[in-house]
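> Got a sequence here, can you build the structure:
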Amino acid sequence: MFFEYGISPHLKTLDDIRGIGLPLETAKSNPLACDLLWADPEKTANGYEPNKIRAISHIFGKKEVDDLCKRLDIDLIIRAHQVVEYGYAFFADRRLITVFSASRYQEELYNYAAVVIVNRMLELSFVQLKPEEFEKRREDQDKAGGVNQEQTTANTNEK
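Alright, predicted model coming up:
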């Protein structure tokens, strides 16, 4: 079984999600909804910590992913709402996947877009859409002496 949201210290059961009253005027009005949208994985996180990059919600580490999967009896969490360079990124021994489906999200970013496909056997595959300018941007970065740190997200680049 897999789960298609982010994670939160407020999430104890799947009924907590079902109990979020819709429509929400703003996710900020509901701490659980806010975390499901905006909490981000971070390799160096120790528990749930304030998300200083977004200035909203939390960052979380591998242990929080493992604990949530065990508590909810799920195998995988698929989330979005975070730019990742190649359209998708793994975290926590592939128990969490970030999928971002908007290529060239901002003018200065040359990120891929991706879509995850789940077949009837619950096997996953990915379709990636590469921006036209991606290779040229890479060549320019190599000539300039390295990768632009703004291009990737530090939070989820576990390969």
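
> So what pairs up with the residue most central in space within the chain in the strands?
By CA atoms, centre = their mean, the chain has its centre lying nearest to Thr98, at 3.3 Å. As for beta bridges, Thr98 partners with Arg79, Ala89 under DSSP bridges.

> give the contact list for it.
Residues in contact with Thr98 (CB atoms under 8 Å, 6 or more residues apart in numbering) are 41, 79-80, 82, 84, 88-89, 91, 156. Quick note: C-beta positions are derived from backbone N, CA and C, even for glycine.

> Lowest pLDDT pick from these?
By pLDDT, Thr156 ranks lowest within the contacts of Thr98, coming in at 43.

> Assign the residue sitting furthest away from the middle of the chain to helix, strand or coil.
Centroid-distance maximum for the chain: Lys143 at 30.2 Å, with CA atoms, centre = their mean. Put simply, Lys143 is helix when judged by DSSP: H, G, I helix; E, B strand; the rest coil.

> just the strands in this structure please.
In the chain, the segments counted as strands under DSSP state E are 2-3, 40-41, 49-50, 58-60, 76-79, 88-91, 96-99, 113-118, 124-129.

> thought Lys12 was touching Leu32?
No - if you go by CB atoms under 8 Å, Lys12 and Leu32 don't touch, sitting 9.6 Å apart.
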